[in-house]
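Novice: What follows is a predicted structure for the sequence shown.
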Amino acid sequence: MKLKTVTPCILAMVAIMAPTSLQMAYATDVFRFEGVGPVSRGMGGAATAFDVGAAGMMTNPATLSLMNSGSEIHLGLDFVMTDISAENKTTGEKASSDSHAHNRGPYAAPEAAFVYRAAPLTLGFGAFAQGGLGTEYGRDTFLSRASGNLNTGLENSSRLLVLNIPFAVSYDVSEKLTIGAALDAMWEGLNLELLMPAEDVGALIQGGRVTGSLLPVLGGLPDLRGAHFSMTKDHPLASGIDAWGVGARVGAVYRLSKDTIAGAAYTMESQIADMEGNATMTAVDGSAGQIPLRGKIKLRGLQMPAHLGIGVSQRINEHWLVAADISRVFWESAVKDLKVSFLADDGKTIDIRLPQNYKDQMIYSFGVAYRTGPWTLRTGGRIANQAMRSDTVIAVIPAIPTKHASAGFSYDFSTASTVDFAYSHAFEESIDSPTTRLVHSQDNFSIAYTYRF
């Protein structure tokens, strides 16, 4: 990760995170976590209109003003265990995304933040893994066979990490209204190993989606069976290709009464530069064998989407709290084509546009919390529509779960010290591409410690 231009505060936060970052975590609202922090996660991802702690700066920064005066340090970790498989619809063969290498699971993603409140002003900054994806199919499944059932021994895997470093502020305009905003530095990194059989390459060529001076070279091979792209670093955080960018969000909460709060927040679509790095493109030929070409690669067209959320929370009495959010996630404008540009060391180029055409999502989140003594118990659920399209989904990017159930708790060791925990289950979801059936479910555990002073 390139840190030369990052402020000392960000460097300190990343230094806290780096030793605990084991592997990337797989997000469940496509590439986004279904709630940031264990308080929101335990409530089905609802977070727009009640106090979810320092993690609120990632959803609705105005909720930071719902905390008590003083300072707060937040340290957390998410663990994600996935169950992903791909089935060849013609032969019935199955490929399981499993621990074939050091690229994947069980995944862990860290979070850390600091918040200071001196009413009417609240300030905060942090570092959170916003989401990503991860698969590992290995080298010996049907996904590693080129056209004509040619075994290549080439890997199929992925690991995307999106890291947000938000600087947040909220301000009490009146006793009822609070507004907030956050500006994020964002880092996006990708490891990818992908084999494209010759028929897939041919379909892209016929559709005008492949251009460049390498195209005649590939066409001149006697028996082209496929092309493989490799851009991977075996490292917990650094990736084969990466880029920096910015993001931002604004939000507000309004106290309808002492026990009723309404909230709204809007996160803008990220502005992340093209991911770049070293890569190898291997042409697979039935006669000439494997021909690796080394060079530089760029990937464009993978932004984190704009997100609009509204929510309400109701405190029924001193024990019970209920909350609900409705969100619209604008994937359609964020991910249309994945644009791959490869520049070989000999100067030849190839440009490929992989169609994705994600669909916008509506997400409905709800949760209930019960407080007794030092304990707060939570449960919730989350339902969304499918954002992926069956005709363009890729086996190494099966971000398809849409239904979740969650439960969690908080325990106050004292007024200054609290541990939060949440468990979330993504129910099994399947999607059929023209040649492959993908199935995905997973379990997510989130734990955090908060110290107030």
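Specialist: Received, thanks.

Novice: so where is the stretch 251-400 of the chain shaky, pLDDT-wise?
Specialist: Along the stretch 251-400 of the chain, no part satisfies pLDDT under 70.

Novice: If we use 80, what do you get?
Specialist: 399 (pLDDT under 80).

Novice: hey, where'd the strands end up in it?
Specialist: In the stretch 251-400 of the chain, the strands defined using DSSP state E, counting those that start in this stretch lie at 260-267, 271-272, 275-285, 289-300, 306-315, 320-330, 337-344, 349-355, 361-372, 375-384.

Novice: How about the backbone phi and psi for the nearest residue in space to residue 232 that is not next to it in sequence?
Specialist: Leaving aside its chain neighbours, residue 232 sits nearest to residue 191 (4.2 Å; criterion: C-beta to C-beta, 6 or more residues apart in numbering). For glycine as for every other residue, the C-beta is placed from the backbone atoms N, C-alpha and C. Main-chain dihedrals, residue 191, degrees, to the nearest 10: phi -100, psi 140.

Novice: coming back round to it: could you dump the strands of the stretch 251-400 of the chain to a markdown table with mean neighbour count and distance to residue 181?
Specialist: Converted to a markdown table, these look like this (neighbours: other C-beta atoms under 10 Å; distance: least, C-beta to C-beta, whole Å):
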| stretch | mean neighbour count | distance to residue 181 |
| --- | --- | --- |
| strand 260-267 | 21 | 10 |
| strand 271-272 | 16 | 16 |
| strand 275-285 | 20 | 27 |
| strand 289-300 | 17 | 28 |
| strand 306-315 | 20 | 15 |
| strand 320-330 | 20 | 18 |
| strand 337-344 | 19 | 31 |
| strand 349-355 | 18 | 35 |
| strand 361-372 | 19 | 22 |
| strand 375-384 | 20 | 26 |
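
Novice: between those strands, which one is nearest to residue 136?
Specialist: Nearest of these to residue 136, taken as C-beta to C-beta: strand 275-285 at 18.4 Å.

Novice: Report the angle between that closest one and strand 289-300.
Specialist: 150 degrees (axes from the mean of the first three to the mean of the last three C-alpha atoms, to 10 degrees).

Novice: With just CA atoms, put strand 275-285 into PDB.
Specialist: Output of strand 275-285 as PDB, limited to C-alpha atoms (Å, rounded to 0.1, in the frame of the first residue of the first chain):
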ATOM      1  CA  MET A 275      -6.300   0.000 -10.300                       C
ATOM      2  CA  GLU A 276      -2.800  -0.700 -11.600                       C
ATOM      3  CA  GLY A 277      -0.100  -3.200 -11.100                       C
ATOM      4  CA  ASN A 278       2.000  -6.000 -12.600                       C
ATOM      5  CA  ALA A 279       0.300  -8.900 -14.300                       C
ATOM      6  CA  THR A 280       0.800 -11.900 -16.500                       C
ATOM      7  CA  MET A 281      -1.500 -12.800 -19.400                       C
ATOM      8  CA  THR A 282      -1.100 -16.400 -20.500                       C
ATOM      9  CA  ALA A 283      -2.400 -17.500 -23.900                       C
ATOM     10  CA  VAL A 284      -3.400 -21.200 -23.800                       C
ATOM     11  CA  ASP A 285      -2.900 -23.000 -27.100                       C
END
